[in-house]
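Enquirer: I need the structure of the sequence given here:
(chains A and B)
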Amino acid sequence: MINFEENDRSLREGKIETAHGDLNFPVFMPDATYGTISNMSFKDLEETGIKAIVTNTLHLEQKIGSEKIAKLGGFHKLTGWDKPVLTDSGGFQVFSLIARRPNVKNKITDAGCSFVDYESGQYKFLSPETSQQIQAKIGSDIRVVLDEPVLENASLTDIKRSVERTTDWAKRSKKMFLELNNLSEDDFNNPKVKRPLLTAVVQGGSNFEYRKISLEALVEVGFDIYGLGGLPLQLKRTWDYSHEGGFYKELLQFLAESMPKDKLRYALGVGTPDNLKFAISVGWDLFDTVLPTRNARHGYIYVKKEIGDKEYDDYSVLHLSNSRYEYDEGPLDSSCDCHTCKTTSRAYLRYLLKIGEGSGFRLASIHNLHFYSQFMEKIVRENQNV
RNA sequence: GCAGAGGUGACGGAGCGGUCAAACGUACCAGACUGUAAAUCUGGCGGCGAGAGUCUACGGGGGUUCGAAUCCCUCCCUCUGCA
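Expert: Next comes the predicted model:
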């Protein structure tokens, strides 16, 4: 059972005020990387109970351009989504693509990240400043500073440099943020001045000492939200959870305990429902991950305990691609009241996913996001009953 | 009827004397996925066997050869030109 008081959530007032409504936390935000939750409409999304989304600076800049978004009245007006939007800085994406294709043009320096767009061939440069400028044009409610993650096998030297660079970039990001919003440092610290929120990202790889150094340096600069830059990236497109979540949990707990009590904590890229539950229990407030939507497309469906193929503490997972569902006329989860479960059989959805039909991706995504949404509510409800 | 091309595993399609139970796709089966360059990626995919292995296989039949999906003969079938 989670005790919110223990985590001093009261000091954080239980909600975030944004220009697009208040956001209660803990909150899970799915990733609308390209400005859309793949295959879903924002109406669909709203019906799943999702309250906010994360979209990506880099992808939006590459695909549509922040200039165009600004001309079209900003992200909210463009898309019709009138709830809170968080823009990720693009740091993680640039880092990941540069790490996979390092060369003279693809590199990260103190100035920022330079790389060649493999689709357009265009040379791009993303700096702490440009990332903020793009996010301002997008008009997001919560913004993130550009940071530099490290690879899984990062040496202590790499980790140290990443922490130093991330701190420096955070300072530059904040400076640009203040400038873009015509704010002084005092304005920034004045709760009466309404403005977007700014998130810093703690780096330090798998080294707890550097994680703490990173956090303290960022707190020194002063932000609204402190984020956990996810686990070190592996080049094989996977994350190392070989510790059965052990290391991960230790890191989440360690950092949460070191955080200022009155500041929001955002665990970037977290995660599986069980990871989410744990992260919330140790005091994290904001979450995002691609899992429910990507997994939905792959027929990996979250359902109640004991009706799926693989069991977890509070739920099970059903592999819809499994041939045993070929003639299954029942809903994904009979206890679920999402649009998909009310209208579609396992057999039909399995078929739609098999032929790669967008409507199948949509229906599966609706269910998984509804599951995430309900899962979060359940955690909050359980806590309130304490 | 004459001339030409061809018949390969569920399908498409390589191979053209040995290293072939047969490349590569697709389909199928299973698995992975955590700030989405994931509609992606990995593995399996003739039978039996845990395995080494073994049996049956490249239209049918018969040859040549130490050895044939690959060469020869013959039959059957398909496609394309000409009648």
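Enquirer: C-alpha only now, for contacts and for neighbours.
Expert: Will do.
Enquirer: identify the bridge partners of the residue nearest the centre of chain A.
Expert: Centroid-nearest residue in chain A, with CA atoms, centre = their mean: A:Asp288, separated by 2.8 Å. Beta-bridge pairing of A:Asp288 under DSSP bridges involves A:Met29.
Enquirer: separation between it and A:Gly229?
Expert: According to CA to CA, to the nearest Å, A:Asp288 stands 12 Å off from A:Gly229.
Enquirer: what is in contact with those two at once?
Expert: Taking CA atoms under 8 Å, 6 or more residues apart in numbering as the criterion, A:Asp288 and A:Gly229 both touch A:Ala267, A:Leu268.
Enquirer: how far off centre is the helix or strand hosting A:Arg350?
Expert: If you go by DSSP states H and E, A:Arg350 is part of helix A:346-354. Mean C-alpha position of helix A:346-354 versus that of the full chain (CA atoms, centre = their mean, to the nearest Å) differs by 28 Å.
Enquirer: elements contacting that helix?
Expert: helix A:358-384 (3 or more CA pairs under 8 Å, 6 or more residues apart in numbering; DSSP states H and E).
Enquirer: what about the helix it packs on and RNA strand B, any contact?
Expert: Yes - Helix A:358-384 is in contact with RNA strand B by CA under 7 Å from any atom of the strand, via A:Gly358.
Enquirer: can you pull the buried residues of that helix?
Expert: For helix A:358-384, the neighbour count (16 or more other CA atoms under 10 Å) marks A:360-377, A:379-380 as buried.
Enquirer: need the outlier residue of chain A, farthest from its centre.
Expert: Quick read of chain A (CA atoms, centre = their mean): farthest out is A:Tyr327, 36.2 Å.
Enquirer: helices of the stretch 1-150 of chain A, start to end?
Expert: Ranges of helices in the stretch 1-150 of chain A, per DSSP state H, counting those that start in this stretch, are A:42-47, A:57-63, A:66-71, A:75-79, A:91-100, A:128-138.
Enquirer: want to throw the ones you listed into a markdown table with mean neighbour count?
Expert: Putting the helices of the stretch 1-150 of chain A into a markdown table (neighbours: other CA atoms under 10 Å) gives the following:
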| stretch | mean neighbour count |
| --- | --- |
| helix A:42-47 | 16 |
| helix A:57-63 | 20 |
| helix A:66-71 | 17 |
| helix A:75-79 | 17 |
| helix A:91-100 | 19 |
| helix A:128-138 | 24 |
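Enquirer: just send the ones you listed back as JSON lines, with distance to RNA strand B too.
Expert: JSON lines is the format used below for the helices of the stretch 1-150 of chain A (distance: least, CA to the nearest atom of the strand, whole Å):
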{"stretch": "helix A:42-47", "distance to RNA strand B": "12"}
{"stretch": "helix A:57-63", "distance to RNA strand B": "7"}
{"stretch": "helix A:66-71", "distance to RNA strand B": "17"}
{"stretch": "helix A:75-79", "distance to RNA strand B": "16"}
{"stretch": "helix A:91-100", "distance to RNA strand B": "3"}
{"stretch": "helix A:128-138", "distance to RNA strand B": "11"}
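Enquirer: for A:Ile53, see how far away A:His339 is.
Expert: 20 Å.
Enquirer: average model confidence for the helix or strand harbouring A:Thr340?
Expert: In the assignment (DSSP H and E), A:Thr340 maps to helix A:339-343. What helix A:339-343 shows for mean pLDDT is 96.
Enquirer: could you export that helix as CSV, CA atoms only?
Expert: Written as CSV, here are the backbone C-alpha positions of helix A:339-343 (Å, rounded to 0.1, in the frame of the first residue of the first chain):
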residue,chain,number,x,y,z
HIS,A,339,-14.6,0.8,-26.4
THR,A,340,-12.6,-2.2,-27.8
CYS,A,341,-13.8,-4.7,-25.2
LYS,A,342,-17.4,-3.6,-25.7
THR,A,343,-17.3,-4.0,-29.4
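Enquirer: quick one, phi psi at the residue in the stretch 101-250 of chain A that RNA strand B sits nearest to?
Expert: When scored by CA to the nearest atom of the strand, the stretch 101-250 of chain A has A:Tyr118 as its residue closest to RNA strand B, at 3.4 Å. The phi/psi pair for A:Tyr118 (degrees, to the nearest 10) reads phi -70, psi -20.
Enquirer: before we move on, what about A:Val201?
Expert: phi -120, psi 120.
Enquirer: which element is the closest residue to it other than its chain neighbours on?
Expert: Leaving aside its sequence neighbours, A:Val201 sits nearest to A:Gly227 (CA to CA, 6 or more residues apart in numbering; 4.5 Å). In the assignment (DSSP H and E), A:Gly227 maps to strand A:225-228.
Enquirer: give me the sheet partners of that strand and which way each runs.
Expert: strand A:197-202 (parallel), strand A:264-267 (parallel).
Enquirer: quick one: is the helix or strand immediately after the longest one in the chain near RNA strand B?
Expert: Just to be clear, that refers to strand A:197-202. Once the chain leaves strand A:197-202, the next helix or strand it forms, by DSSP H and E, is helix A:208-221. No - Helix A:208-221 stays out of contact with RNA strand B when judged by CA under 7 Å from any atom of the strand, the minimum separation being 12.3 Å.
Enquirer: got it, and stretch A:306-320?
Expert: Yes - using CA under 7 Å from any atom of the strand, stretch A:306-320 reaches RNA strand B at A:Asp309, A:His319.
Enquirer: mind listing residues that contact that stretch?
Expert: Counting by CA under 8 Å, 6+ apart, A:Asp274, A:Gly299, A:Tyr300, A:Ile301, A:Tyr302, A:Val303, A:Lys304, A:Lys305, A:Asp333, A:Arg346, A:Arg350 sit against stretch A:306-320.
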